[in-house]
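1. What shape does this take:
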Amino acid sequence: MKGFDQNGVKPNSMKLLRIICHMGIYEYTGMPSGIKNAPSHFQRMMDTIFQEEILEGWMVLYIDDIIIYSETWEDHVQYIDRVLSKCTPINLNFSLKKCNFDQQKLLALGQKVSGLSLAIDQNKVAAGLLKPVPKNIKEMQSFLGFASYYRNHNRKFPTELVVYTSYGQKM
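-> This next block holds a predicted model:
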């Protein structure tokens with residue numbers, strides 16, 4: 001998926017996204033990715049387009065990441081065809097170099113997905129643990145958000161959360 005810029009900007013909003021420079025005035029016709037509401041707007045658009053596929057239970061969407069899963073190769077080809085058939089008429093394009101097909105395992109949103117299993121991407125955890133010890137409330141909140149993302153993989157998380165929360169209150 002090529003992202004936000006495929007999501008058009010309404011004419012009355014274009015003036016709010018103007019860039020004025022010595023060469024003239026420029027307006028975005030597609031949603032730029034730095035706009036605060038762009039991710040939620042794009043997610044809502046994708047959810048609307050693919051509502052049927054999501055409800056049928058063979059597609060998961062997160063903004064511009066689409067995961068299609070199936071039990072047979074024939075079903076998988078049929079699902080891909082359905083997705084592409086919906087995208088073509090509305091000019092929703094994909095970057096082929098970012099697409100992966102026929103994957104038995106994949107990394108998605110910091111998780112290793114394989115069949116019916118879900119595991120932590122150890123590289124993400126290692127990167128999070130290499131960060132310095134939080135020195136203020138904002139840094140502690142950031143760490144707790146990171147740790148909370150993986151709470152389903154840690155049965156002791158509620159107990160450990162109490163320790164970190166009380167530590168954060170002392171800051």
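2. Surely residue 39 and residue 64 touch.
-> No. Under the contact definition of Cβ atoms under 8 Å, residue 39 does not touch residue 64, with a separation of 9.2 Å. Backbone N, C-alpha and C define where each C-beta goes, glycine included.
3. These two: who's more crowded?
-> Legend: neighbour count by other Cβ atoms under 10 Å for residue 39 and residue 64, higher for residue 64 (20 against 16).
4. pLDDT wise, what is the residue sitting nearest the centre point of the chain at?
-> For the chain, the residue lying nearest the average C-alpha position, counting by Cα atoms, centre = their mean, turns out to be residue 62 (4.1 Å). The score at residue 62 is 89. That number is its pLDDT.
5. what does residue 50 give?
-> Looking at residue 50, its pLDDT reads 96.
6. Check residue 79 too.
-> In the predicted model, residue 79 carries a pLDDT score of 96.
7. try the one 10 residues further on
-> At residue 89, the pLDDT value in this model is 93.
8. do the same with the one 5 residues further on
-> Predicted confidence (pLDDT) for residue 94: 86.
9. And it, how close does it get to residue 102?
-> Taking Cβ to Cβ, to the nearest Å as the criterion, residue 94 is separated from residue 102 by 16 Å.
10. Residue 8 too?
-> Relative to residue 102, and taking Cβ to Cβ, residue 8 is found at 33 Å.
11. Sort out which residues of the lengthiest helix in the chain are buried, please.
-> Looking only at the chain and at elements set by DSSP state H, the helix with the highest residue count is helix 73-87. Counting neighbours by 16 or more other Cβ atoms under 10 Å, one finds that the buried residues in helix 73-87 are 76, 79, 82-83, 87.
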